[in-house]
Structures are given as structure tokens and as C-alpha cells.
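A.B. asks: Dropping the sequence and predicted coords here.
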Amino acid sequence: MNSAEHEVEFATGARAFARALWGLNLHISPLPASTPSTRARFLGSHLWLHSTLPPSESADLGDVQLAAAAHVAAHLRFSGAPFLPRGLKSIQVAIISLLEDARVERLACQSYPGLSRLWTPFFQSPPPRARTSASLLARLAHSLHTGTNDPDAWVNEARERFLARDAALCDPNFVRELGGRLGNELGQMRLPFDARDYVVTPAYRDDHFGLWQLEIESTAQGAELELKSNESRAAEADNPASRNRSSSSPDANGTASAFAVPTRAEPEYADLPALPYSEWDYVIARERAAFCMLREQPTPKSDPARLDASLRSYAGTRRRLLRAASRLAAEQRVHQRRLTGGPRLDLRAAIATSLSPIVSQTGAPRVYGRTHFRREPPALLVLLDCSESLNVVPRGSPWSALELARQASALLGSTLNAVSRDWALHGFNSNGRKDVGYFRFKDFGEPYDEHARARLAGMQARLSTRLGTALRHAGQALHARRAARKVLLVVTDGEPSDIDVHDPDYLGFDARHATRENRMRGVTSFCIGLDSGAESRICTVFGSHHFLLLDRLERLPEQLSRLSLRFSD
Amino acid sequence: MNASLLDALRVHDEPYYVPVAGEVGLFEAAYATRLPVMLKGPTGCGKTRFVEHMAWRLNRPLITIACNEELSASDLLGQYLLEDGNTRWQDGPLTLAARFGAICYLDEVVEARQDTLVVIHPLTDDRRLLSLPARSEAFRVHPDFLLVVSHNPGYQSALKDLKPSTKQRFGAIDFGYPERQIEIEILIHETELERSLAERLVSIAEATRRLKGHELDEGVSTRMLVHAGALIGKGIAVEAACQMALVCPLTDDPELAQALQACVRACL
């Protein structure tokens, strides 16, 4: 399993658990092997969990992950802003964090009393009795959770003082104040405390990194984790995407319109035949005939070995998808009636025949039926938005959206090819209304072979998103298919845009119009939205119940194939 | 014979139903004008119970048809049968309801093929006419007849939507899962659970519903809660009942099942 699949499939239960408890959308990754931390870590909504446990831990990995996810979810739900460590000693930071753990867990248990049972097994072994700072902290954590007395007077008193503030449980400031005092008292006992050796107990709790507003660059292990998310953020910031709207200006006729001046006069493939398409202008409530020019452009090829390698890394997902595909094929029964021969009597036809003297006297009676299994998938066209916005690297992901789209396409090809589906994979981008590019990576009826894979491997993401024109062209391609159902599955970030349009609503309304035109021709459209914040925009274009938003882009490969199979049901 | 059959289809005891958003008044008004009604909402939220309740309230027989892809027009309208060398016409459930003034309820109507559903068109406009081509017969439907259909508009059924020409014949009522307090009352009524336990079961359902559209297609429905409550009433331990009625039916994924079990334990 490679890192991409690992991250996609990693700790799905823990993620679901956090969402179920408080509707939190956690981004969960495995703790990097190089990280010295032996505990889970969170920063904002990003959580790093163990992918394996040290041999010293006897607990089940799944249980630890669920307990850790619930604990971190409790922090996110109840902890508020990170504490400022200024002026605190390391022992005070450790105690305040420990009390904060206890505080959020108690609050969590008020909503979900059974959470306590989830965490209790980790407190079963008694903490060490040595009178060291680390031991006393472990004993305090144990005593706070179990409510049991400890032989040490400081531990008991700390617990009593914490419980006495039960009414103030919602206020994180009290743990800071109490923790500060307790830390001073521990300091007066002359018990040394080494923050570098300190390990939070029990095993499911995080290392408190996310509770504090730290100068993280100065912490070696923190820097490593933070670096990853910083890189992603930088990548997002560096990619201007396709939202390049120039300022408002009148069009060539001087009328008020949604258009700005195009930046390039000559289309890139001007020598290729251009297909004119109309565009809906919602301002004047009518179509502008032959307003856009679309060219089917050659698709650059690249080495398909890369794709094949990424497909190998999705082996587990691929096996599951293939199983689903073969099950689907087996489920598609076809009943044939009124046959002249067959394995069973078609009762209705037999009765009708006996009632009709004309039929019964002429020729062989058609009174038999047969049930057999047949694949009758819809004609499926997957249309990829190949605009600049696909170059964005999602936060925490090793892959750009473009690479994920390539992997998704390869997985789709492998899944659908195994059951010989009549399907196509096309893409589009645009550079103004006169230069809409359309690419056929794999067309209907073509085999999904090394040529198709080479075209997929060479997929590029650039320019803008004139969605409506592409929808119309794809709709035409589907309309020509002879299939009972025709499905257009669009993968986009949901924000149509182009360099010559400044009205943010204009292209969205045109795309909605194109979707309606397609529907009138028997083509059903469905969208996989790559931007989970684009619900209203995508809903406008495709209609309610006709889109699925991905909250994690890494799920695109599996979701694309799953949806395609679902539509074949 | 048909009269006695229809009497058997009458709902004699009041089906328990707690109104949530004025739907009883809406349905009564629709019935008064014989406007066909479409009930939309997730599975297990009480659509079928609502129809039973309304049939009882309006004192009309109720004929329910579970739609599927194999449902043909003759399954709805009727067919000739062979009997002692002769033929006998047997009214289908829709014809029966239209002839004698019952409420005909097509459950999960989008599962039926579109060409099958065309037979309801003349029934559902001001003609209120039912035609039986096999018998060369057409008749005006009984004045008390009403057609009710239901479906679950999720993205799973995006390709199985009704034709606009079918949709526009209906008035529609949107259903969702009841509010927490109402759902608790329903659960207590249906299963005689203690209130505190009913509250905890509803909390489980609320938690799983947050996973809809993410890890799950649908969360735990009111119907599933009633199943769990019924098992508990039969002496099954609460966690085991929840495992059987709530967790196992929702997912086959072991990791997700473990998370759902943790949800159950967290709420209990």
C-alpha cells in the first residue's frame, strides 16, 4: 500500500467517529515514522495517529485510534483557543495540559456518558508508584479519571481542587490557574522534571502539542509535521487557479455585458476545426447563438508506467471495486417474454394466446419466457475539468488534484474495463469564449489500452473553466450513443470561470442551462465537487441530489469508480 | 366479494402517528380536493405509517403496492385468469382502488419503470379516468379514490427520478426524521422503553445521521430505532440489540462498524 492509499484509507473509523460525535471533519494521517513522538498529535483539525503500536502497548490499534479520535474531538469541541505558554515552566505546561485533558473529557462525557467506558480500559493498569514528577502526573491523570484515592497527598489534593471547580468546567482558564499553582507546588518539592523525557499517559491521549500556541519552528518534531501542512498551504497560495477575472468593461458592441477583454486573440489550435456553441446569457434571458468556439485538441501522451504504478498502489481499493463490479453484472437480470421456446412458461402470454383464437390458430404459440443476466449499463461519459485549479495541492496531501484525477481515471478505467462498459473519459479547459479546448482521453467503444493510458498520463491542467460549452459538447457525444440511459459525470471544483467573464454568476447560469438542455435530450448529469465549500454553486448548476461533494480530495479515485458503478445499478 | 375485500383493507384501529409539521392538515385538504399526494423523505422516517394513519382518519380502505422494476401495467390494472376452461377478469390493485374508492399507495414509486407509471396519468388529472385496454373498458374513478406515492430523494436515486409529466400531477409533502423529543415519544410508544434508554437510542441515531453523505448513505432511521427497542423489549441486552438492529444493517465495512459500535457505547 503506498502513502496515498494509506492516507485515504487510514483510520476511516476514527474519522467517522469524530464526525458522528460532534460533526467534526478531521483530517487524519499516520504519524510519520521519523517522528520521535510516541503519542498522537493534533494541530487544528489535522490529527496524526499511530499506524502501528509499540510492542509495549497491549491495546488493539483500532481501539486506540477511536479513543484518541474521541479525545482530540473533545479538545476541538471544548478547548477553545490554544493556551499561551509565556511565563510558564515546563512542569506547569504539563500539568495544565493534563488538567485540560480531564476537563474536556468530563465535558464530553456529559454529552456522551459512554465515552468514559471507551477511555477507562486505558486506565486499568495502576500508574508507577515512584515519587518522580512524571509518575505523579501519571497518577494524577489516573486519579482524575477513575476518581480513586492515591497514596500521595499532592495527587489527592490536586484532584479535590479540580473537582471543586466542577461548576467552572466550561471555562478553560481555571485549569490554567490551577495548573500553574500545582506546578509551583511540585517545583517546591524539588522533584526534577525533564520535558524531553515526559510521555503523556495513558496511550490514547495526544502529546499536547495542539493545546499550545508555540514557536513550532523551534521544536524539531513539530517543525516536521507543520512543514507538511505549510507546504500544502503554500502550494494553494501559489496556484492562482482559474479565478482570473479581469475588471469589468463593455464588450465590442458597447453594451453592458458580462464580458471583459480577452487577453489572447489567437486560439492555440486555430488551425483545427472549431465547433460553434451557443451560450445562455441570463442578463438578457436568451441564448447568444454560436457564441463560443470549441476545438477538440490532441492529447499529449506520456509514459503510462507511472499510471500503472499508481494503480498497483490502489490494489486493495481496486479489488473491492472489481468485486462490486462483478456483483453488479451478476445482478442485472433480463426477463424475456413471449418467446417461441424457453425454459419456463410465460403465463400471461399463455392466457392471452388461449383467449385469442386468431393467435392460437396461426403459427407457433409464443408462450415461453427466459430470465438471463445481462449487463445493460448506461452510456457513461466522465468529463474532467482540466483547468488550472486542478494543480492545487490539497492540504496534507502528497498529491495535487491533477495527480489524483489521473489516479482516479486509471482506477476507473481498470474497474469499468473489467466489465466491458461502454464509457468515455473526456476533459476540457478554456481560454476565452473562442478557445474552448476538449480532450478525448478515452472515447466510447475504444479499448482502455496503453494508448488511452498514455493520454491519461499526459493529462495537463491549465487555463480556465467554461463549463457550459463543455457540457453541451459532452451532451452531444452522449446523445449519439444508443443506450437506454445516458449519464454525464462531471468532476469539477464547481466554479465556472473564464478570462473574458467578470460576472461571477454568468457562467454558472449558462452551465445550468446546458445541464437542462442535456436533460431534455435524455442525458442525466451528476457532479463530483472537489471543493466542499461549493455546495450552492454546484447545486445551482446540477440541481439538488445531483452532486456529491468530497470533503477530502484523496477520496476522489475511489469515489469516482464507486459512483460510476452505482449509476450502472 | 370486492366489498368484503375492501372492508378487510380498511384500517380499523388508529395507527399511532405524531404529526410533526402540519402534514395531517395538508393531507386532509389534498384529499378534500382529490389532489394526488407525493410523500418525500428518507427511508424509515414514517411515510407509510402516515398514510395508514390518514386512511384511518379518513375512513378509507388502503391498498399499498411496493413498486419495483418488474412491476408492469397489468400488475397494477389487472389481467384475465383461466378458470375451469373459462376466463375471468381479475382487477389489479389500482383498478380495485379506483373502482371502489380506496386510497392507493405506491411505495417507492421511482423503482417502477417510467412506462408503467404512465397508466396513472389519466387518473391523476381532472379527468379521473381509468382505462383498461385489455378489457376495452374505461371508467370514471370512484369519488373517494386518492392516489398517494412515496419516494426517497437521495443522490442514490438521481437516475431514477420521476418524469416531470408525472411529478407535476402531485402535491408533495416533505418528511424528515422527527425532532428529538418527538422521536423519543414515538420510540417510547412503539417499544415501551424507559425514557432514559429511549433518549440514548435517539442520541445514537442523531450521531449516525451526521455521517450521511460521508461514510454512510443514510443514518439510523426511526424504524431502525423501533427495531432495536423491540429487541430490547424481548430481553436482548441493549448493546447486542443495537449491534443487530442499528450497526450491522448500516455497514459491511469492519472499521466503520467498529466506529458505529463506539458511537453506540458512547451514547449508552
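C.D. replies: Alright, I've got the coordinates. Numbering: from 1, shown residues only, chains lettered A, B, ... in the order given.
A.B. asks: Could you pick out the residues of chain A near chain B for me?
C.D. replies: A:11-17, A:19-21, A:23, A:62, A:66, A:70, A:112-115, A:117-118, A:335, A:348, A:351-352, A:354-355, A:378, A:485, A:487, A:524, A:526, A:544-549, A:551, A:566-567 (CB under 8 Å from any CB of the partner chain). Using the backbone N, CA and C atoms, a C-beta is placed for each residue, glycine as well.
A.B. asks: Take those residues and keep only those in helices.
C.D. replies: Of the residues of chain A next to chain B, the ones assigned to helices by DSSP state H are A:12-17, A:19-21, A:62, A:66, A:70, A:115, A:117-118, A:348, A:351-352, A:354-355, A:566-567.
A.B. asks: mind listing what the residue of the stretch 201-350 of chain A found nearest chain B touches?
C.D. replies: Nearest residue of the stretch 201-350 of chain A to chain B: A:Arg348, at 6.6 Å (CB to the nearest CB). By CB atoms under 8 Å, 6 or more residues apart in numbering or on different chains, the contact list for A:Arg348 reads A:337, B:74, B:79.
A.B. asks: Shouldn't the last one be within a strand?
C.D. replies: Yes. The secondary structure assignment for B:Gln79 places it in a strand, going by DSSP: H, G, I helix; E, B strand; the rest coil.
A.B. asks: And it, what's its pLDDT?
C.D. replies: Predicted confidence (pLDDT) for B:Gln79: 80.
A.B. asks: what's the spacing between the residue most central in space within chain B and chain A?
C.D. replies: Residue closest to the average C-alpha location in chain B (CA atoms, centre = their mean): B:Thr48, at 3.2 Å. Separation of B:Thr48 from chain A (CB to the nearest CB, to the nearest Å): 21 Å.
A.B. asks: same deal with B:Arg135?
C.D. replies: Counting by CB to the nearest CB - B:Arg135 and chain A are separated by 12 Å.
A.B. asks: Burial check on that residue, number of neighbours?
C.D. replies: When neighbours are counted by other CB atoms under 10 Å in any protein chain shown, B:Arg135 registers 15.
A.B. asks: one step back: weed out the non-buried ones from the ones in helices among the residues of chain A next to chain B.
C.D. replies: A:12-17, A:19-21, A:62, A:66, A:70, A:115, A:118, A:348, A:351-352, A:354, A:566-567 (16 or more other CB atoms under 10 Å in any protein chain shown).
A.B. asks: Leaving aside the residues adjacent along the chain, what's closest to A:Asn417?
C.D. replies: Distance criterion CB to CB, 6 or more residues apart in numbering or on different chains; nearest residue to A:Asn417, sequence neighbours excluded, is A:Tyr448 at 4.3 Å.
A.B. asks: What confidence value was assigned to that neighbour?
C.D. replies: 84.
A.B. asks: what does A:Glu9 give?
C.D. replies: 61.
A.B. asks: and if you look at A:Gly254?
C.D. replies: In this prediction, A:Gly254 carries a pLDDT score of 36.
A.B. asks: Does A:Ile538 touch A:Gly494 like I think?
C.D. replies: Yes. Look at A:Ile538 against A:Gly494 with CB atoms under 8 Å: they come within range, at 4.1 Å.
A.B. asks: between the contacts of A:Arg348, which is closest to A:Met459?
C.D. replies: Comparing these against A:Met459 with CB to CB places A:Arg337 closest, at 46.4 Å.
A.B. asks: Number of residues surrounding residue 208?
C.D. replies: The chain I'm using is chain A. A:His208 sits with 21 neighbouring residues when counted by other CB under 10 Å.
A.B. asks: wait, I meant chain B there
C.D. replies: Neighbour count of B:Thr208, defined by other CB under 10 Å: 28.
A.B. asks: hmm, back to that, how about the contacts made by the nearest residue to the residue nearest to the centre of chain B once chain neighbours are set aside?
C.D. replies: Among residues not flanking B:Thr48 along the chain, B:Asp107 sits closest, at 6.4 Å (CB to CB, 6+ apart). B:Asp107 makes contact with B:47-48, B:64-67, B:149-150 under the criterion CB under 8 Å, 6+ apart.
A.B. asks: Can you list the low-confidence ranges for chain B?
C.D. replies: Within chain B, the ranges that satisfy pLDDT under 70 run B:1-3, B:82, B:85, B:154-160.
A.B. asks: tell me which parts of it are close to chain A?
C.D. replies: Selection of chain B residues close to chain A by CB under 8 Å from any CB yields B:70, B:74, B:79-82, B:87, B:153-159, B:203, B:207-208, B:210-211, B:213-215, B:253, B:255-256, B:258-260, B:262-268.
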